[in-house]
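Asks: Here is my input; please provide its structure:
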Amino acid sequence: MKLQCDVEVVNRMLPTFGLKNKGKSSRAVLSIGKHVDRSSQSSSLYLLICTAKDRSGSKYKLKENIEKFFTWFVEEGKATVRLKEPAIDICLSKADTSSLKNFLSAARLAHRGSDTDSLPLSTLGPARARDVEKPKKKLSILSKKDYPLTASFPYSLEQLQVSYCRLSRVDMRMLTLRSLRRLDLSNNHIKKLPSTIGDLSCLAELILHNNHLESFSDALCVSTLQTSLQHLDLSQNQLTVLPARFCQLRHLVNLKLDDNKLTRLPFHIGRLSKLRFLSAAHNQLSVLPAGFRNLCLENLDLFGNPFTQANGLEHTIRLTFPLTLQELTSRAVVDLRIPHGPHLVPYQVCDELDFCKACDCGRSCVNSFIQTAVSMNLHLVSHTVVLVDNMGGTEAPVQKHFCSLMCYCEFMDSCVQRDLR
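Replies: Numbers count the residues shown, from 1 in each chain. Model (predicted):
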């Protein structure tokens with residue numbers, strides 16, 4: 001039975017002599033095995049702790065020698081074993097959770113001295129140098145010949161780059177790296193992302209530049225990435241649209257969508273309140289969504305999109321007279337902020353409520369509205385703006401919605417008055 005983790009041995013007697021512990025942990029290998037006493041020809045179970053400085057290790061008797069186990073944070077890979085003799089606390093951290101649980105169970109059995117024959121005991125010998133090295137945090141693989149086919153990725157990785165390896169899919173071994181904060185899979189041939197990427201709860205940066213992606217999974221937008229993902233690079237792919245729930249990735253700070261085939265941006269992109277850098281150059285955008293006006297950016301790049309000329313007279317009418325009962329009810333639910341969910345109303349209605357439109361008058365509209373586009377200077381939402389076209393323009397059309405014919409007429413009257421000034 002072996003366990004690799006960080007270990008700090010704390011002597012409980014030092015404070016009585018006015019001394020302090022160093023308070024520094026080191027990488028170690030812990031082993032439970034039998035030690036034979038040659039003088040008495042008897043054997044007993046011992047715990048061996050080997051570090052890089054002391055690969056031969058220090059032995060501690062286990063039978064009837066454990067005072068207490070502290071396991072409050074075992075799910076975080078942390079635990080403490082308190083020995084009676086010598087009076088020390090063995091503090092364990094940065095351990096694999098399942099391995100730590102198995103190790104503590106074996107230590108309990110060794111302490112009781114019962115059922116020890118069933119324990120997977122280890123040889124109490126010096127540790128190998130590679131076993132006591134500091135865990136690897138960063139790994140870059142930049143060619144296919146260097147890509148591991150049989151060996152696993154180091155479990156402790158926080159940054160992983162696998163580029164120019166012609167990967168056609170995401171290797172499932174990467175998705176077991178629970179400490180991963182940055183995953184760079186740029187310059188490959190990946191067509192689809194597995195929804196299990198959303199299980200990487202620490203993932204803050206996901207770089208998928210220059211692949212063959214045709215879609216971004218809706219499941220990723222409702223995963224743990226909602227609270228962890230800050231940087232997302234989807235540039236140079238084959239994306240035509242992003243899912244409606246994309247804007248639930250509300251911790252995004254940097255979003256790159258350049259060189260795709262996007263015909264529109266997510267309707268509620270304005271809900272990305274932490275977004276500061278947005279680039280969506282060289283796509284097929286003809287108009288920006290209404291929520292775009294709610295963004296507060298530092299840098300914006302929309303160069304090379306075929307934006308249409310905004311004209312308030314050109315509009316789409318989807319009003320019904322009179323309004324349907326469902327439309328009236330939906331508007332009331334949104335305007336009065338009445339809680340709703342799939343347990344109260346049908347799932348389709350929930351989608352409609354979640355993606356309602358806002359009129360200039362402050363009221364909402366769901367399926368019945370008038371839509372037009374108005375020109376907006378992009379400096380209103382961003383400190384720095386890359387020119388929209390070669391003519392030096394910084395304006396782009398933005399959608400506008402009206403809940404009634406009266407609101408639309410008031411808007412047109414204001415436009416006419418402005419033109420007359």
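
Asks: Let's verify residue 105: helix, strand, or coil?
Replies: Reduced to three states with DSSP: H, G, I helix; E, B strand; the rest coil, the structure at residue 105 is helix.

Asks: how about stretch 68-78: buried residues?
Replies: 74, 77, 78 (16 or more other CB atoms under 10 Å). Placement of C-beta: from N, CA and C, glycine included.

Asks: What lies in contact with that stretch?
Replies: For stretch 68-78, the surrounding residues in contact (CB atoms under 8 Å, 6 or more residues apart in numbering) are 5, 79-82, 91-97, 100-101, 104, 107-108.

Asks: try stretch 103-119
Replies: With CB under 8 Å, 6+ apart as the criterion, stretch 103-119 contacts 1, 3, 30, 32, 45, 47, 62-66, 69, 71, 74, 79, 81, 95, 120.

Asks: do that again at 6 Å, thanks
Replies: Residues outside stretch 103-119 that contact it (CB atoms under 6 Å, 6 or more residues apart in numbering) are 1, 3, 32, 45, 62, 63, 66.

Asks: Pull out the buried residues from the contacts of stretch 68-78.
Replies: Restricting those to buried positions leaves 5, 79-82, 91-96, 100, 104, 107, with burial counted as 16+ other CB under 10 Å.

Asks: can you name the two of these that are farthest apart?
Replies: Comparing all pairs in these by CB to CB, the longest separation belongs to 82 and 96, at 22.0 Å.

Asks: partners of the longest strand along the chain, with directions?
Replies: Here the longest strand in the chain is taken by residue count, with DSSP state E as the criterion, and it is strand 26-37. Strands that pair with strand 26-37, judged by DSSP bridges, come out as strand 2-11 (antiparallel), strand 42-51 (antiparallel).

Asks: With residue 321 as the reference, measure out to residue 141.
Replies: Relative to residue 321, residue 141 is positioned 63 Å away (CB to CB, to the nearest Å).

Asks: Between the two, tell me which one has more neighbours.
Replies: Taking other CB atoms under 10 Å, residue 141 and residue 321 do not tie; residue 141 has more neighbours (17 against 7).

Asks: hang on, the earlier thing: next step: the buried ones among the contacts of stretch 68-78 restricted to helices.
Replies: Using DSSP state H to define helices, the subset of the buried ones among the contacts of stretch 68-78 located there is 100, 104, 107.

Asks: re earlier: ok, of the buried ones among the contacts of stretch 68-78, which one's closest to residue 387?
Replies: Once CB to CB is applied, the member of the buried ones among the contacts of stretch 68-78 that ends up nearest residue 387 is residue 94, at 49.4 Å.

Asks: Not counting residues beside it along the chain, what's closest to that closest one?
Replies: The shortest distance from residue 94 to any residue other than its chain neighbours is 4.5 Å, reached at residue 6 (CB to CB, 6 or more residues apart in numbering).

Asks: Now do the same contact list for that neighbour.
Replies: Under the contact definition (CB under 6 Å, 6+ apart), the residues listed for residue 6 are 25, 27, 93, 94.

Asks: Any idea what the third one is bridged to?
Replies: In this structure, residue 93 has beta-bridge partners residue 6, where bridges are defined by DSSP bridges.

Asks: Break down the stretch 301-421 of the chain into its strands, ranges please.
Replies: Counting by DSSP state E, counting those that start in this stretch, the stretch 301-421 of the chain has these strands, from start to end: 315-317, 357-358, 364-365, 370-377, 382-386, 395-402.

Asks: Indicate which one of the ones you listed is closest to residue 11.
Replies: Among the strands of the stretch 301-421 of the chain, if distance is taken as CB to CB, the winner is strand 382-386, at 56.6 Å.

Asks: Mind listing the strands the closest one pairs with, and their directions?
Replies: Sheet partners assigned to strand 382-386 using DSSP bridges are listed as strand 297-301 (parallel).

Asks: Report the inter-axis angle for the partner strand versus strand 395-402.
Replies: With axes from the mean of the first three to the mean of the last three CA atoms, to 10 degrees applied, the angle from strand 297-301 to strand 395-402 works out at 110 degrees.
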